[in-house]
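S.K.: compute the structure for the input listed below.
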Amino acid sequence: MERNHAIDYIKFFAIFAVVVIHVFPRDHQIELFFLDNVSRFAVPFFFTASGYLFGKKMIQTNGSFDYFKRYILRIAKLYLTWLFFYMMFDVFIKVPADAGLKGYEQYFNRFSLLELIYYGEATSGYQLWFLTALFWSVIILFGFFKFKKIRLLLFVSLILNLIGLFGQSYSVFYDFPLRTRDALFFGLFYAALGFFFAFNKWFKKARALTSKTYLLLIFIFSVIQVAEGYLLDKVLPGSHGEYFLSTIFLTAFLFLFALKNVTLGKCWFINKIGARALGIYIVHVFFIDIFDMFVSDIGMDGISDHLLLKLFKTLIIFSMSYIIYDLLQFLKVHLSKLKYVKTSQ
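M.R.: Alright, predicted model coming up:
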């Protein structure tokens, strides 16, 4: 399957946007509010890209169950590995040393089967929810694909996504009683959208639009997304949402732009970073915690909310996350080669 370099290109900006969201607190400073809301395209784009690439593999392998099995096992392995990592980080670093057995008991009491296998937010590695949501989304996608009901899934998942808005940004109108940052109300629709892009011939007609037209539409819906967040915050100050109605259109046009410009950023360094987006996503929260602990230990908490420091922090977290994860992959490859050489002797 020919690589779509534009997806990696956009992933670079998407993963940087995720780091921005987690470093900058959402508050009423207009520049921080803008940064938070304009960055909300990031995770929907990741789900869409994952659904698209999975769909392309389904075409290439003729719906191979073996590939599907390997794919979900890879997600599960990644999730369990980093769940254990963040759990150990919490136990040895974040649980107060003077809390004793009671502190550890309170920590582990937070874990439930539903939290561990579905929501994925039990540890300080709260961002791992993406992996559990992707895991269940891909399972549902494969089932509907086998029954040739992808259009039905796209429609149903859209309805669920719209309902899920009331557990997110639109909770100002009605507070939906269930958590909606999950597979069913969030990840499934965007993964199904990407899967649909991979299969449906209608989008070949949509790609007839010019790149400038797509960029204009991306700009318009970015502005609308920020405006949605601003207006909803005016209705209920302090309200917070992961996604908006406009996010659907923004994500779709971003992806269509990527399909239109498959060689965008080819051989560029930012594309190499974008290709490591999932790894950066997984480890960056760890570096945020380490940075915050360091600032606290040297008694600089008072300046931690300074805008310039936040910008510096974002660049440091982003850079360290990329470097360390890239190093881990380098070591993983070379250890695998070493193991292969030893077993073949």
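
S.K.: what helices or strands is the helix or strand hosting residue 335 leaning on?
M.R.: Per DSSP states H and E, residue 335 falls inside helix 307-344. Helix 307-344 is packed against helix 5-23, helix 277-297, with contacts defined by 3 or more CB pairs under 8 Å, 6 or more residues apart in numbering; DSSP states H and E. Just so you know, the C-beta spots here come from the backbone N, C-alpha and C atoms, and that holds for glycine as well.

S.K.: quick one: these as CSV, columns for distance to residue 210, mean pLDDT and mean neighbour count too.
M.R.: CSV is the format used below for those (distance: least, CB to CB, whole Å; pLDDT from 0 to 100; neighbours: other CB atoms under 10 Å):
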stretch, distance to residue 210, mean pLDDT, mean neighbour count
helix 5-23, 15, 94, 22
helix 277-297, 27, 91, 18
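
S.K.: how about a markdown table for the ones you listed, with distance to residue 263 added?
M.R.: Formatted as a markdown table, the helices and strands packed on helix 307-344 follow (distance: least, CB to CB, whole Å):
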| stretch | distance to residue 263 |
| --- | --- |
| helix 5-23 | 5 |
| helix 277-297 | 19 |
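
S.K.: worst-scoring helix or strand of this protein, pLDDT-wise?
M.R.: In the chain, no helix or strand scores lower on mean pLDDT, DSSP states H and E than helix 202-206, which sits at a mean of 64.

S.K.: that one: what's the following helix or strand?
M.R.: As assigned by DSSP H and E, the chain's next helix or strand after helix 202-206 is helix 211-235.

S.K.: give me the next element, helix or strand, following that next one.
M.R.: Heading C-terminal from helix 211-235 (DSSP H and E), you reach helix 245-260.

S.K.: so which residues make contact with that next one?
M.R.: Applying CB atoms under 8 Å, 6 or more residues apart in numbering, the contact partners of helix 245-260 are 4, 6-7, 9-10, 40-41, 44-45, 48-49, 52, 158, 161-162, 165, 189-190, 193-194, 197, 203, 206-207, 209, 211, 214-215, 217-218, 221-222, 224-225, 228, 264.

S.K.: same thing but at 7 Å, please
M.R.: Residues from elsewhere that reach helix 245-260 (CB atoms under 7 Å, 6 or more residues apart in numbering): 4, 6-7, 10, 40-41, 44-45, 48, 165, 190, 193-194, 197, 203, 206-207, 211, 214-215, 217-218, 221-222, 224-225, 228.

S.K.: tell me the gap between it and the middle of its chain.
M.R.: For helix 245-260, the gap between its own C-alpha mean and the chain's C-alpha mean amounts to 16 Å (CA atoms, centre = their mean, to the nearest Å).

S.K.: ok, now stretch 35-49?
M.R.: Counting by CA atoms, centre = their mean, stretch 35-49 comes out at 7 Å from the chain centroid.

S.K.: again, but for stretch 138-157
M.R.: For stretch 138-157, the gap between its own C-alpha mean and the chain's C-alpha mean amounts to 21 Å (CA atoms, centre = their mean).

S.K.: what about residue 143, how many residues nearby?
M.R.: Residues contacting residue 143 under the criterion other CB atoms under 10 Å number 12.

S.K.: and it, what pLDDT?
M.R.: On the pLDDT scale, residue 143 is placed at 96.

S.K.: how close does it get to residue 77?
M.R.: Distance, residue 143 to residue 77, using CB to CB, to the nearest Å: 21 Å.

S.K.: quick check: which ranges of the stretch 151-300 of the chain have low pLDDT?
M.R.: When residues are selected by pLDDT under 70, those of the stretch 151-300 of the chain lie in 201-207, 236-241, 300.

S.K.: if we go to 80?
M.R.: Scanning the stretch 151-300 of the chain for pLDDT under 80 picks out the ranges 172, 200-208, 233-242, 296-300.

S.K.: now the stretch 1-150 of the chain
M.R.: Scanning the stretch 1-150 of the chain for pLDDT under 80 picks out 1-2, 25-35, 94-105.

S.K.: now do the helices in it.
M.R.: 5-23, 30-38, 42-60, 65-89, 100-108, 113-114, 129-146, 150-164 (DSSP state H, counting those that start in this stretch).

S.K.: thinking again about what came up before, what's the ChimeraX syntax to select whichever of the contacts of helix 245-260 are buried?
M.R.: Here is the ChimeraX command that picks out the buried ones among those, judged by 16 or more other CB atoms under 10 Å:
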select :4,6,7,10,40,41,44,45,48,165,190,193,194,197,214,217,218,221,222,224,225,228
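
S.K.: quick revisit: tilt between the helix holding residue 335 and helix 5-23?
M.R.: When axes from the mean of the first three to the mean of the last three CA atoms, to 10 degrees is applied, the directions of helix 307-344 and helix 5-23 differ by 120 degrees.

S.K.: mind checking how far helix 307-344 is from the chain centre?
M.R.: In terms of CA atoms, centre = their mean, the centre of helix 307-344 is found 18 Å from the chain centre.

S.K.: circling back to that earlier point, out of the helices and strands packed on helix 307-344, which gets nearest to residue 87?
M.R.: helix 277-297 (12.1 Å; CB to CB).

S.K.: okay, the helices of the stretch 1-150 of the chain in CSV with distance to residue 288 next?
M.R.: Output for these, formatted as CSV (distance: least, CB to CB, whole Å):
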stretch, distance to residue 288
helix 5-23, 6
helix 30-38, 15
helix 42-60, 16
helix 65-89, 12
helix 100-108, 19
helix 113-114, 26
helix 129-146, 16
helix 150-164, 26
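
S.K.: quick one, which of the helices and strands packed on helix 307-344 is nearest to residue 320?
M.R.: helix 277-297 (5.0 Å).
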